[in-house]
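> 3D, please:
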Amino acid sequence: MTPAAATGTLTAFAFLVNLPFGWWRAGLRKLSPAWFLAVHAAVPLVIGVRLSLGLPFRWLWVPLYAAAYFSGQAVGARLRARAAGPPRPRRAA
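Prediction:
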């Protein structure tokens with residue numbers, strides 16, 4: 001696999017693996033231990049795939065991988081919000 005193809009594969013993997021973690025994170029209390037796990041659990045997976053593809057660490061690619069990572073988290077959270085439907089109106093007490 002060429003380095004460009006491997007970089008594209010890793011970018012797509014980083015996005016796709018973060019979709020379920022973003023879905024999970026959206027239902028958690030912010031800054032809770034589970035929230036931190038949902039945010040960071042995909043990092044070892046992405047690093048493992050990078051190493052298995054034979055890609056060396058390059059600072060040049062960090063913004064691309066970070067964008068894919070955060071996009072996957074954001075899209076996963078939006079998918080959860082869309083699946084939940086519109087928020088229910090509150091009743092006055």
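> any idea how far Trp24 is from Thr2?
34 Å (C-beta to C-beta, to the nearest Å). C-betas here are computed from N, CA, C, even on glycine.
> Looking at these two, which has the bigger crowd around it?
Trp24 (19 against 7; other C-beta atoms under 10 Å).
> Now do the same for the more buried one: its pLDDT.
We have a pLDDT of 96 for Trp24.
> There's contact between it and Ala38 in this structure, I believe.
Yes: counting by C-beta atoms under 8 Å, Trp24 does reach Ala38; the two are 4.7 Å apart.
> which residues are common contacts for these two?
Residues touching both Trp24 and Ala38 by C-beta atoms under 8 Å, 6 or more residues apart in numbering: none at all.
> Who are the contact partners of Asn18?
42, 68-73, 76.
> where exactly do the helices run in the chain?
3-26, 33-40, 42-52, 62-84 (DSSP state H).
> Against Tyr69, how distant is Gly8?
If you measure Gly8 against Tyr69 using C-beta to C-beta, the figure is 15 Å.
> out of these two, which sits in the more crowded spot?
More crowded of Gly8 and Tyr69, by other C-beta under 10 Å: Tyr69, with 21 against 13.
> okay, now the closest residue to that one other than its chain neighbours: neighbour count?
Using C-beta to C-beta, 6 or more residues apart in numbering and skipping residues adjacent in sequence, the residue nearest Tyr69 is Ala14, 5.1 Å away. Ala14: 24 surrounding residues under other C-beta under 10 Å.
> In contact with Ala14, which residues?
42, 46, 65, 68-69, 72.
> what about 7 Å?
Listed by C-beta atoms under 7 Å, 6 or more residues apart in numbering, the contact partners of Ala14 are 46, 65, 68-69, 72.
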